[in-house]
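Trainee: I'll drop the sequence and a predicted model, then ask my questions.
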Amino acid sequence: MMQTPAVTEIRYPVVTSAALLRNTILILISLVFIAPFIWLILASIDAHAGWGIHLPDLTLDNFRAVLTRLGFNALENSLYLALATSIISTALGYLAAYALSRRYVPWKHSLMLVILFATGLPVSLLLVPTYQMYVVFGWLDSRFTTSLFLAAGALPFAIWMLKSFIDAVPLELEEAAVVEGAGIWQTMLRVTMPLTLPGLSVTAIYTFIAAWGAFIAPLILDGDPDHEPAPLAIFHFMGNHGEFLFGQLAAYSLLFSLPVVLLYFALSRQFSGAFTFGGGLKG
Amino acid sequence: MASVQFQGVHKRFGLLSAVDDLNLEIGDSEFLVVVGPSGCGKSTTLRMLAGLDRPTSGLISIGDRVVNLVPPKARDVAVVFQNYALYPHMTVRENLSFGMRIRHEPRARINHEVNEMARQLGLSALLDRKPAALSGGERQRVAVGRALLRRPQVFLMDEPLSNLDATLRVRMRGELSRLHAQFGITTFYVTHDQIEAMTLGSRIAIMRGGRLQQVARPETLYDEPANMFVAGFIGAPRMNFLPARLVGSGGRPCLDVLSLRLDGAAFHFDADHIATTSFVFGMRPEDVRWSRQVPDPSWPRLRGVIEIIEPVGSETYVTVRVEDARLLARFPPRTGLQLGDEIELSLDQAHIHLFDAKTERALPRLPQTAGAPGNDSIVHLQRTSRWQD
């Protein structure tokens, strides 16, 4: 007679050779990608930083030296560009996305495809004509006009991203508000916008990060050395001192990437705490 | 409160006609239920009345005012949506007060009215919760409360009970009746559920394929359906339909249904009817009786075999195979009948419905006064050779 084993008696294999092989390969591949970051961190706190990765001779002198040499000016410029770009492209993108999502727009589908195509255009392609235009307008050497260019570049992405979030808000909620007496702006600001906050923050953070790392646009459009953003500062710092100051370079790069890393954490929290429409509509 | 009027209203979406020549009047303080299968145009009609859709042509008036060009917020209507459409990011209190806040009413008044409405609807303890933390019935009450706070001229409800479970639906149905009695607001209520329609409506409008089929009080709709669609849609279980032929027998119009010859003198046949002779006989399941329980031996009888027995507690539905047709009968509970039993059925002649097979329209009954079996029609009928057999 067959006897059923007790539940505790059934053991599942914890490690199989196939899983072992698979994971080893994956770890090796990921090492290739992680190595530069490990170097960055180690070099920034190493008094004798060089090409290789080795145990650091612990020090904070790199940070101190690079900050006395470069100061915070470039980081401030980057912050200005990133904030302005983020605010402009998210605000304009929201209005455009709202209209494209909710209103009758002729040729809407084709328009969306054109916008999608625009997200794929390399910025450098547009820089020559834009430079010409800026010369004519007298817009060169200004942080604001540079951020306008960056915002224009981020706009197609912002529109697509925000439209998908607005599309997800049930139309009935807006209709309910309209019947209750709300106008277009009230409906958008008090009903739709609070429900698309995750989309707004994702878009704002994403466009911020993109502008934070902007290199070529400020290089071409803004020649004023006082307006130099951090990526350009790093670039100039590399060649201007006769020798490569690896430790200081790593320290500054680390400072530069810190806001981005923090924002990525904020972003992932937005997604994990995913906002839902639970309860507003049928249960 | 106000009356509502639709005059020759059409709504087309591209080539599709959603509402076709709708003429309908809703009286002051009336509870009108619009019922029909999905896609019949009932929700479109509601949306046009709310101002969310524009009619392609025709006039819609609320009270004395034509509202075709009036935006939703100025129409003085409130809508309860099928999915309630509560704002998920607001608490119950904020949901209830949204309209008043939009209209910048004084805070003290908002608080007072919201608290009062919450008390009446039993929502006082839930005011600080968000919709996600409410049960289906609670959400439904919030949606109704939000609409009531608007103090509308007309109350529009789009299948407000369809997302509730059966028990709750029955309770909320009673609740809506009570609220209507209390506030007396003209109500336009859309549903696909005929029980809801029958229990709630002071009058019912039945729609199908964008066309209004019949508007009448619930009992009239049940007893005198205007056509086969209405007859089949109202009443559960559904009315039995059987093919019937018009024949003449001894100078009287008669109907051949299965092997029976029934007296057709109660109906008014016009010339077109006589030419076709083909009709549909309709009988509600409760008028198909078990002969053993019918005292009157003069009722026409049919023999058949039981195919399905469905006890529902208070009664039993029995499907009987009679010749090559099936008849559904509604018996009292605990019949003791078995599948396969042979049974004799008696038909209640007073409740025969007759429809034109081609137009599906009901034939009008002649007035019940004695000796008036529509002499004109008999004269017509006698002209045809089919009359003599």
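Mentor: Received, thanks.
Trainee: all contacts plus neighbour counts: C-alpha atoms, from now on.
Mentor: Noted.
Trainee: per-residue confidence at the residue of the stretch 251-389 of chain B found nearest chain A?
Mentor: Of the residues in the stretch 251-389 of chain B, the one nearest chain A is B:Val312, at a distance of 29.1 Å by Cα to the nearest Cα. On the pLDDT scale, B:Val312 is placed at 91.
Trainee: ok, now how distant is it from B:Arg330?
Mentor: 10 Å (Cα to Cα, to the nearest Å).
Trainee: Which one of those two is surrounded by more residues?
Mentor: More neighbours surround B:Arg330 than the other of B:Val312 and B:Arg330, with 20 against 9 (other Cα atoms under 10 Å in any protein chain shown).
Trainee: SS state for that one?
Mentor: Put simply, B:Arg330 is strand when judged by DSSP: H, G, I helix; E, B strand; the rest coil.
Trainee: For burial, what's the neighbour tally of residue 269?
Mentor: Because you didn't say which chain, this covers chain A. Neighbour tally, A:Arg269, other Cα under 10 Å: 11.
Trainee: not what I meant, chain B
Mentor: 24.
Trainee: shaky segments in chain B?
Mentor: Counting by pLDDT under 70, the ranges of chain B that qualify are B:368-389.
Trainee: So what does the residue of the stretch 251-389 of chain B closest to chain A have for phi and psi?
Mentor: Torsion angles at B:Val312 (phi, psi; degrees, to the nearest 10) stand at phi -110, psi 20.
Trainee: With the one 4 residues further on instead?
Mentor: When read as degrees, to the nearest 10, the backbone of B:Thr316 gives phi -130, psi 130.
Trainee: which residues touch it?
Mentor: Residues counted as contacts of B:Thr316 (Cα atoms under 8 Å, 6 or more residues apart in numbering or on different chains) are B:Ile309, B:Glu310, B:Arg330, B:Phe331, B:Pro332, B:Pro333, B:Arg334, B:Thr335.
Trainee: Apart from its neighbours in sequence, what residue is nearest the fifth one?
Mentor: It refers to B:Pro332. B:Glu315 (4.6 Å; Cα to Cα, 6 or more residues apart in numbering or on different chains).
Trainee: how close does whatever residue of chain B ends up closest to chain A sit to B:Arg217?
Mentor: Closest approach between chain B and chain A, counting by Cα to the nearest Cα: B:Ala132, at 3.5 Å. B:Ala132 sits 39 Å away from B:Arg217, going by Cα to Cα.
Trainee: Could you do B:Asp263 as well?
Mentor: Look at B:Asp263 and B:Arg217: by Cα to Cα, they are 29 Å apart.
Trainee: Neighbour count for those two, which is higher?
Mentor: Between B:Asp263 and B:Arg217, counted using other Cα under 10 Å, the more crowded position is B:Asp263 (18 against 15).
Trainee: In the stretch 151-283 of chain A, what residue spans correspond to helices?
Mentor: Along the stretch 151-283 of chain A, the stretches classed as helices by DSSP state H, counting those that start in this stretch are A:171-179, A:184-186, A:193-195, A:197-212, A:216-221, A:230-239, A:246-272.
Trainee: I meant chain B, not that one.
Mentor: Assigned by DSSP state H, chain B shows helices spanning B:42-50, B:92-102, B:107-120, B:136-149, B:166-183, B:194-200, B:218-223, B:228-233, B:271-276, B:375-382.
Trainee: got those helices as a markdown table, with mean neighbour count and distance to chain A columns?
Mentor: Converted to a markdown table, these look like this (neighbours: other Cα atoms under 10 Å in any protein chain shown; distance: least, Cα to the nearest Cα, whole Å):
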| stretch | mean neighbour count | distance to chain A |
| --- | --- | --- |
| helix B:42-50 | 23 | 7 |
| helix B:92-102 | 22 | 5 |
| helix B:107-120 | 15 | 14 |
| helix B:136-149 | 23 | 6 |
| helix B:166-183 | 14 | 14 |
| helix B:194-200 | 19 | 19 |
| helix B:218-223 | 17 | 30 |
| helix B:228-233 | 21 | 27 |
| helix B:271-276 | 14 | 49 |
| helix B:375-382 | 16 | 55 |
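Trainee: For the stretch 151-300 of chain B, which residues are neighbours of chain A?
Mentor: For the stretch 151-300 of chain B, the residues in contact with chain A (Cα under 8 Å from any Cα of the partner chain) are B:Asn163.
Trainee: re earlier: include mean pLDDT when you put the helices of the stretch 151-283 of chain A into a markdown table, please.
Mentor: Below are those laid out as a markdown table (pLDDT from 0 to 100):
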| stretch | mean pLDDT |
| --- | --- |
| helix A:171-179 | 94 |
| helix A:184-186 | 93 |
| helix A:193-195 | 93 |
| helix A:197-212 | 91 |
| helix A:216-221 | 91 |
| helix A:230-239 | 84 |
| helix A:246-272 | 83 |
